[in-house]
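Colleague: following is a predicted model, sequence given first.
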Amino acid sequence: IVWREGLEILPNSGAEAVWHYTDEFFGSQGYAAVTRLRQQHWLLGTGTGEVVYVGAGIDPDALVPLARESLVAQGKAGLSRGVTTAEVEQLSRRDVDGKLWHVTINHASTEANLQGRRLAPFEVVIEPAQFSLDEITS
């Protein structure tokens, strides 16, 4: 671990501990490693949002279930079955009519090849998803 913070949740803040430390140093003091605060939209007063604060160097794969939970709670399909690399990002989004779309983005200034598909530099491909949100979140 390169860095970590012991997160103290203040009384009446509305925040909750998602993960607690279990070690002697932070764990013995009751500090959290990850916290979450859910609130209504501050300007509109409707809808809800959340902030998840990660105060530790955590394996990114361990964060996937938490990210999935957060996205589903917000009604966003952000995780897909596609492979994502350092240069190519794949994600899913639902439009206002409820249709699920698969988005592939080449962030590189060079051509990318992902799963047999060639992507021009900075190319963005948007196409109907070949799976349902239920398949992603289950």
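Modeller: Structure's in. What do you need?

Colleague: distance of residue 103 from residue 70?
Modeller: Per CB to CB, to the nearest Å, residue 103 is found 19 Å from residue 70. In short, each C-beta sits where N, CA and C put it, glycine included.

Colleague: quick one: distance of stretch 7-19 to the chain centre.
Modeller: In this view, stretch 7-19 has its centroid 20 Å away from the chain centroid, taken as CA atoms, centre = their mean, to the nearest Å.

Colleague: buried set for it?
Modeller: 7, 15, 17-19 (16 or more other CB atoms under 10 Å).

Colleague: quick one, which of residue 103 and residue 70 is more surrounded?
Modeller: Neighbours per residue (other CB atoms under 10 Å) separate residue 103 from residue 70, with residue 70 holding more: 19 against 16.

Colleague: who's in contact with that one?
Modeller: 36, 50, 52 (CB atoms under 8 Å, 6 or more residues apart in numbering).

Colleague: ok, now residue 31?
Modeller: The contact partners of residue 31, by CB under 8 Å, 6+ apart, come to 6-8, 20-21.

Colleague: and residue 99, by the same measure?
Modeller: By CB under 8 Å, 6+ apart, the neighbours of residue 99 are residue 128.
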